[in-house]
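Trainee: Below are the sequence and a predicted model for it; my questions follow.
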Amino acid sequence: MGIFDKIFGKKEQKESLDQGLQKTKEGFFDKITKAIAGKSTVDEEALDDLENALVSADVGVDTTIKIIEGIEKRVAKDKYINTAELNKILKDEIQSVLIDTPANYNSYELPATHKPYIILIVGVNGAGKTTTIGKLAHNFALAGKKVLLGAADTFRAAAVEQLEIWSKRTNVPIVKHAMGADPSAVAFDAVQSAVAKNMDVVLIDTAGRLHNKIHLMDELSKIKRSVNKALPGAPHEVLLVLDGSTGQNALEQAKQFTAATDVTAIAVTKLDGTAKGGVVLAIADQFKIPVKFIGVGEKATDLLIFDKKEFVDSLFEAP
């Protein structure tokens, strides 16, 4: 059990996950249950029903086909499979498309090899990027880490103001410049300040514009160069924040940002307000990037470290 578990409690985290996935479970669990109810064998009709259930939960066509093909291969080995066995096979196949969360993500711990640990946060405006940064700051601080915020989204006044509110709320220092300042200069100063003050982690906000992919790529590349100049080897992580409630649109955002920069981890937000939680499976499968955090509520502690087994188990529990 890590520090995070001790602070928030495993039971509380489980309850937060179950409640946050309520809307997804209501549709997903119901359709899955109907698809396999009373089936003594897995026939074409059962597989079609399962496929429809997965697609309707925004798992995505490509990922759904992969899951169904996996089931077909498993089922082909046995002439008789009851409902309980089919349920287990389905859970196994769904888990198989999710990437294991790296060990260093556990319990808001940070790699001992990097101090300060620099995280660059990217994503479109409205995806919950700035709020996610605030929640991360809160949770890292609760876990005993010294946190610094970098307000490098200098094109949107609300972003800096929102980050300042989180800075005050969490008692975490912030580095900011005037509106319209060079984002890379803000990022550089934030990292330099963190090094000088012996901070543990730096969370750098960036502008979330997608109107020009080339401009986005150039801007993010410049920020990364500035951060690396301030601290060789940084940034150590590029976290892409996606709005889970947008379903397949989140996949398009992921395509844009993974093309623009080297995304190393993903946070999927707003899962509590949508029945499209299956998009987490599609994102992880199609981009082969681990989902690190999921947002399942308004509270800072509702930003959960993603655990694929717990996520899938929750999906299969009756709402």
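Mentor: Arrived safely, thanks for sending.
Trainee: From A112, how far out is the closest residue to R225 other than its chain neighbours?
Mentor: Of all residues not flanking R225 in the chain, S184 sits nearest, at 7.2 Å (CB to CB, 6 or more residues apart in numbering). (C-beta placed from N, C-alpha, C; glycine too.) Per CB to CB, to the nearest Å, S184 is found 28 Å from A112.
Trainee: again, but for Q95
Mentor: Distance of Q95 to A112, computed by CB to CB: 30 Å.
Trainee: quick one, which of the two is more surrounded?
Mentor: Per other CB atoms under 10 Å, whichever of Q95 and A112 has more neighbours is Q95, with 16 against 8.
Trainee: Spell out the secondary structure type for the more buried one.
Mentor: The three-state assignment at Q95 reads helix, by DSSP: H, G, I helix; E, B strand; the rest coil.
Trainee: That one touches V312, doesn't it?
Mentor: Yes. Using CB atoms under 8 Å, Q95 is in contact with V312, at 5.1 Å.
Trainee: Check which residues of the helix or strand hosting V186 are buried.
Mentor: V186 belongs to helix 183-196 when assigned by DSSP states H and E. By neighbour count on 16 or more other CB atoms under 10 Å, the buried set for helix 183-196 is P183, S184, V186, A187, F188, D189, A190, V191, S193, A194, V195.
Trainee: Correct me if wrong: the fourth one contacts K229.
Mentor: No. Contact criterion CB under 8 Å: A187 and K229 do not qualify, at 9.8 Å.
Trainee: returning to what we had before: now the element after the helix holding V186, going C-ward?
Mentor: By DSSP H and E, the next helix or strand past helix 183-196 is strand 201-205.
Trainee: Neighbouring strands of that following strand in the sheet, and parallel or not?
Mentor: strand 117-122 (parallel), strand 147-151 (parallel) (DSSP bridges).
Trainee: Now the element after the last one, going C-ward?
Mentor: The first helix or strand that comes after strand 147-151 along the chain, using DSSP H and E, is helix 157-170.
Trainee: how about that following helix: buried residues?
Mentor: Within helix 157-170, the residues that count as buried by 16+ other CB under 10 Å are A159, V160, Q162, L163, W166, S167, T170.
Trainee: Can you list the residue ranges for helices in this structure?
Mentor: Ranges of helices within the chain are 3-8, 10-20, 22-36, 44-56, 61-76, 83-96, 129-142, 157-170, 183-196, 213-230, 248-260, 279-287, 308-315, based on DSSP state H.
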